[in-house]
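Trainee: Quick one: sequence plus predicted model below, questions after.
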Amino acid sequence: MFIGDHVWIGRFVLISKGNQIGSGSILTDETFLPANRKIESNVLVSGNPGKIIKKDVFSTKDFVGNHKPEDTLNSQ
């Protein structure tokens, strides 16, 4: 099993053996990942079995989303 840097893992998540989870990914509460899956970096995964719900997500200490905080500030 490999879990990359800055991965968020929610409550009651079950990760079976042989999985690879890319850096910056987020697994929501109660997600189940069957054995030998490769999850790419910066994706949101949810469900049973876990499926990619959204790509190009990122997180910082104060923000989770798929838009850079600078983009939001510049659009005002």
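Mentor: Sure thing, it's come through.

Trainee: so what's the residue minimising distance to the centre of the chain up against?
Mentor: In the chain, the residue lying closest to the centroid (CA atoms, centre = their mean) is residue 26, at 2.0 Å. Residue 26 makes contacts with 7, 8, 10, 43, 44, 45, 57, 59, 64, as judged by CB atoms under 8 Å, 6 or more residues apart in numbering. All C-beta atoms are positioned from the backbone trio N, CA, C, and that covers glycine.

Trainee: can you pull out the helices in the chain?
Mentor: 69-74 (DSSP state H).

Trainee: wait, residue 34 sits on residue 48?
Mentor: No: Residue 34 is beyond contact range of residue 48, at 9.3 Å (criterion: CB atoms under 8 Å).

Trainee: Between the two, which is the more surrounded one?
Mentor: Per other CB atoms under 10 Å, whichever of residue 34 and residue 48 has more neighbours is residue 34, with 14 against 11.

Trainee: could you list every residue that touches that one?
Mentor: Contacts of residue 34 by CB under 8 Å, 6+ apart are 16, 49, 50.

Trainee: and if you look at residue 18?
Mentor: Counted by CB under 8 Å, 6+ apart, residue 18 has contacts 1, 35, 36, 37.

Trainee: Residue 38 against residue 4, yeah?
Mentor: No: using CB under 8 Å as the test, residue 38 is too far from residue 4 to be in contact (11.2 Å).
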